[in-house]
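J.: I'll drop the sequence and a predicted model, then ask my questions.
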Amino acid sequence: MDKQINSRVCPVEKAQSLDTWYRRWLQNPYKVAQPYVSQGMKVVDFGCGPGYFTLDIARLAGDSGQVFAMDIQQGMLDIVAAKTASADINNLQCVLCSDSAWSALPPIDLIWAFYVVHEVPDPTKLIEQFDRALKPGGGILIAEPAIFGLSASHFKATVTQFIAMNYVVKPVRGLFMAKTYFFEKQA
């Protein structure tokens, strides 16, 4: 993940295809995030891309919260930064993804990984990074495209890994075109 761009990663040139009126109609970012994000939370929007969920997560976390928009592409982070400046949001920090970036984070309440795990070359390493960053009682929301993304066997392996790490696994229903799980870290 250190600055190596996986060939499956959506290029910055196609960022606008991730944030469309059609997708907002099908997956309203505020409504999708609202059950998971509350005032004062520290949240990582992992693989934030152009910030489809990021600004709404920041609004939900409020001024007392912190949101870390994390991506491996500086161009995506530049898009998020521009959106943040024009939206007058002050609790958001853009972070270029690296092992050292994960180490520098404060204890995290929620990791948001929407349509991104299938792009990661080593999901096992990613889950370990998530676990180290997440505080006890925190959660991880992983949503993958229902049509492409992680294969059923890889998604099952991801769930099995979280179970082995003593997480409570909760399927999430009702997200259009997504297979989604919420993983809660035991205290």
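T.: Okay, I see it.
J.: for this protein, what spans make up the strands?
T.: 42-46, 66-71, 92-96, 108-114, 134-145, 167-172, 178-185 (DSSP state E).
J.: for this structure, give me the ranges with low pLDDT.
T.: 1-7, 15, 17-18, 20-25, 148-152 (pLDDT under 70).
J.: just the helices in it please.
T.: Counting by DSSP state H, residue ranges of the helices within the chain are 21-26, 29-33, 54-61, 74-87, 99-104, 123-133, 152-164.
J.: between those, which one is nearest to Leu141?
T.: Proximity to Leu141 (Cβ to Cβ) singles out helix 29-33 among those, at 8.7 Å. In this view, the C-beta of every residue, glycine as well, is placed from N, C-alpha and C.
J.: on that earlier part again, how about TSV for the strands of the chain, with mean neighbour count added?
T.: Below are the strands of the chain laid out as TSV (neighbours: other Cβ atoms under 10 Å):
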stretch	mean neighbour count
strand 42-46	27
strand 66-71	26
strand 92-96	19
strand 108-114	24
strand 134-145	19
strand 167-172	14
strand 178-185	19
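J.: and these as CSV, adding distance to Thr54?
T.: CSV is the format used below for those (distance: least, Cβ to Cβ, whole Å):
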stretch, distance to Thr54
strand 42-46, 5
strand 66-71, 5
strand 92-96, 7
strand 108-114, 9
strand 134-145, 14
strand 167-172, 19
strand 178-185, 17
